[in-house]
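> below: sequence and its predicted model.
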Amino acid sequence: MIIDTVARRDIAEMIRAIPQAENPSDETLESFRAYMNPPDFDPFARGVP
């Protein structure tokens with residue numbers, strides 16, 4: 001399935017914008033890491049009947 005097409009110019013513009021972006025703060029990075037870290041759970045544990 002094709003969702004969209006991408007032109008080389010679009011990719012070049014995205015790459016050029018990277019140095020202009022702000023560096024995230026330590027708090028932002030920590031928040032992102034916490035968001036991306038899945039919760040600890042046992043997928044094979046049985047639920048409470």
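That came in fine, so what should we check first?
> what's next to stretch 6-22, contact-wise?
In this structure, no residues lie in contact with stretch 6-22 by Cβ atoms under 8 Å, 6 or more residues apart in numbering. C-betas here are computed from N, CA, C, even on glycine.
> distance between the ends of that stretch?
25 Å (Cα to Cα, to the nearest Å).
> what average pLDDT does it get?
Looking at stretch 6-22 alone, the average pLDDT works out to 85.
> distance between that stretch and the chain's centre?
If you compare the mean C-alpha spot of stretch 6-22 with that of the full chain, they lie 17 Å apart, counting by Cα atoms, centre = their mean, to the nearest Å.
> and D42, how close does it get to Y35?
22 Å (Cβ to Cβ, to the nearest Å).
> next SSE after the helix or strand containing R9?
R9 is part of helix 8-17 when elements are defined by DSSP states H and E. With elements assigned by DSSP H and E, the helix or strand that comes after helix 8-17 is helix 26-36.
> in that next one, what counts as buried?
Neighbour-count burial for helix 26-36, with 16 or more other Cβ atoms under 10 Å as criterion, is recorded at no position.
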